[in-house]
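> Quick one, fold the following:
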Amino acid sequence: MAAACARSLGQIGRHAFFTQSCRTGNVAAIVPRISVPGSARAYGTGGARFRSKLLSAAPLRAGGRALGCAFLLGGGIGLYQTVKFNFQRHFAEEEAEESSSEVKFTLYQYKTCPFCSKVRAFLDYHGLPYEIVEVNPVMRQEIKWSRYRKVPILMVDDTVQLNDSSVIISTLKTYLVTKGKKIHDILICYPEMKSTNESGKEVIEYNNKYWLMLSEAEIEQLYPEKDSRKEEMKWRKWADDWLVHLISPNVYRTPSESLASFDYIVREGKFGTFEGFFAKYVGALAMFFISKRLKNRHNLQDDVRQDLYKAVNEWVSAIGKKRKFMGGDRPNLADLAVYGVLRVMEGLESFDDMMEKTKVKSWYRRVEKAVQHHEGHN
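Take a look at the predicted model:
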């Protein structure tokens, strides 16, 4: 409608400006035909001499041109205002729709937890805004409302609770790819299973947690290379079942490393003054001895650094020299998982040693850049 009105105004303006009535000798379009009763002459239709005298006056010619210009100017201003209004309304509606459909994420975490770091890497890479609630690792009052007492926990719109880092990542990735399913409906595909671990303690596991719940068409689009989906799942599981167990024995390898690690944990975590002092010194000593038990449990070498070096070099070899990431030109879920686990060692001696004595540095910096720049946002 706005375009039609503008066209009409423009036509009127052009007609008034370019019509023959603006030329000397033609007054038919300017002076109306007025008939006087009883007279055979219609004023404005007189002879050529009469018309010529009437229109030879400059003011009348200028008035005609001014009228045309006025119509053109009015039409242009009207079109501008109409288009401006429509664009403003369109963008306002889009913003309102986006704000109303935006999902709210709240992550309950320990900053130095490798599983929490995995989730943050995924959220940051995909540019998903989220709030962080740092949980006190001693009292855990921040998650007292949850029967699931581990972190990370991700709350969606304060109503849907996602537990376990791999379940969180698989659920959100499915949600981002499908765009038609609700998170609550996707979560049903990852049922809880209670089991007993080696120590006889009851634990909760989740079925299918490395699977994305996609259609065949979506799978082909997300995993164009043959076996790339299986490869991603394999290395995601490897990060959870092997790589993550190399972190504690390495960051608590010696008393001095253990103290440095707890200094970092206390500084970055949520501790009270007394809790922080106790955790730093007593916790550091305790974890030094616990790391020795972990080394035996996971059959690690006496020099646990060698196991760390071997693991990350194995990861780099699996990527190969022709790919920037395991996902090709972009990080996939395995890239983000391995990066998230290794990232918790940053600032510690174990991290510096790993970057210096393995081939992981170039890949690590590429993923770091991709995560910091939210390159998976689109």
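> contacts, neighbours, all on C-alpha from now
Noted.
> Okay, the closest residue in space to Lys182 that isn't next to it in sequence and Tyr108: tell me how far apart.
Nearest residue to Lys182, sequence neighbours excluded (C-alpha to C-alpha, 6 or more residues apart in numbering): Tyr175, at 6.9 Å. Separation of Tyr175 from Tyr108 (C-alpha to C-alpha, to the nearest Å) stands at 20 Å.
> Check Cys116 too.
Note on Cys116: its distance to Tyr108, by C-alpha to C-alpha, is 8 Å.
> next one: stretch 175-194 to chain centre, how far?
Taking C-alpha atoms, centre = their mean, to the nearest Å, one finds stretch 175-194 lying 19 Å from the centre of the chain it belongs to.
> what comes up buried for that stretch?
Across stretch 175-194, burial judged by 16 or more other C-alpha atoms under 10 Å covers Tyr175, Val177, Ile183, Ile186, Leu187, Cys189, Tyr190.
> Greatest separation within these: which pair is it?
The distance between the two most remote of the buried residues of stretch 175-194 (C-alpha to C-alpha) is 17.1 Å, for Val177 and Tyr190.
> still on that earlier bit, pLDDT, distance to Leu212 and secondary structure added to the buried residues of stretch 175-194, as a markdown table?
Listed next are these as a markdown table, based on pLDDT from 0 to 100; distance: C-alpha to C-alpha, whole Å; DSSP: H, G, I helix; E, B strand; the rest coil:
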| residue | pLDDT | distance to Leu212 | secondary structure |
| --- | --- | --- | --- |
| Tyr175 | 96 | 9 | helix |
| Val177 | 96 | 9 | helix |
| Ile183 | 95 | 13 | helix |
| Ile186 | 97 | 9 | helix |
| Leu187 | 96 | 11 | helix |
| Cys189 | 96 | 9 | coil |
| Tyr190 | 97 | 10 | coil |
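> between those, which is closest to Val133?
Using C-alpha to C-alpha, the buried residues of stretch 175-194 come closest to Val133 at Ile183, 20.9 Å.
> picking up where we left off before, quick one: which of the buried residues of stretch 175-194 is nearest Asp302?
Of all the buried residues of stretch 175-194, Asp302 sits closest to Tyr190, with 38.3 Å by C-alpha to C-alpha.
> Residue ranges in this structure under the pLDDT threshold?
Scanning the chain with the threshold set as pLDDT under 70 gives 1-101.
> any idea how it splits into domains?
Annotated domains of the chain cover 2-101, 105-372 [automatic domain parsing].
> Helix or strand next in line after the helix or strand hosting Phe289, which one?
Element membership for Phe289, per DSSP states H and E: helix 284-297. Moving toward the C-terminus from helix 284-297, the next helix or strand (DSSP H and E) is helix 304-319.
> who does that following helix touch, helix- and strand-wise?
Applying 3 or more C-alpha pairs under 8 Å, 6 or more residues apart in numbering; DSSP states H and E, one finds that helix 304-319 contacts helix 247-251, helix 349-357.
> how about the CA coordinates for that helix, as CSV?
Taking C-alpha atoms only, helix 304-319 is exported to CSV below (Å, rounded to 0.1, in the frame of the first residue of the first chain):
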residue,chain,number,x,y,z
VAL,A,304,52.5,-39.7,35.1
ARG,A,305,53.6,-36.9,32.7
GLN,A,306,54.5,-39.6,30.2
ASP,A,307,50.9,-40.9,30.1
LEU,A,308,49.7,-37.3,29.6
TYR,A,309,52.1,-36.8,26.7
LYS,A,310,51.2,-40.1,25.1
ALA,A,311,47.5,-39.3,25.4
VAL,A,312,47.6,-35.9,23.8
ASN,A,313,50.0,-37.0,21.0
GLU,A,314,47.6,-39.9,20.3
TRP,A,315,44.8,-37.3,20.0
VAL,A,316,46.8,-35.2,17.6
SER,A,317,47.7,-38.2,15.5
ALA,A,318,44.1,-39.1,15.2
ILE,A,319,43.3,-35.7,13.8
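> hmm, who's touching that helix?
243, 246, 249-250, 253, 295, 300-301, 325-326, 350, 354, 357-360, 363 (C-alpha atoms under 8 Å, 6 or more residues apart in numbering).
> Those residues, buried ones only, as a PyMOL selection?
Those of those that count as buried under 16+ other C-alpha under 10 Å are selected in PyMOL with:
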select buried, resi 243+246+249+250+253+295+300+325+326+350+354+358+359+360+363
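> As a check, name the ranges of all helices in the stretch 51-200 of the chain.
Assigned by DSSP state H, counting those that start in this stretch, the stretch 51-200 of the chain shows helices spanning 58-101, 114-125, 165-178, 183-187.
> List the contacts of the residue positioned nearest the centre of the chain.
The residue lying closest to the centre of the chain (C-alpha atoms, centre = their mean) is Gly127, at 2.4 Å. Neighbouring residues of Gly127 by C-alpha under 8 Å, 6+ apart: His374, Glu375, Gly376, His377.
> Same question for Glu192.
By C-alpha under 8 Å, 6+ apart, the contact list for Glu192 reads Ile204, Glu205, Tyr206, Asn207.
> Quick one: buried ones out of those residues?
Using 16+ other C-alpha under 10 Å, the buried ones in these are Glu205, Tyr206.
> Among the contacts of Glu192, which one lies nearest to Glu102?
Taking the contacts of Glu192 together and measuring to Glu102 by C-alpha to C-alpha, the closest member is Tyr206, at 27.3 Å.
> pretty sure the closest one is touching Ile188, no?
No. Tyr206 lies out of contact with Ile188 (C-alpha atoms under 8 Å); the separation is 10.7 Å.
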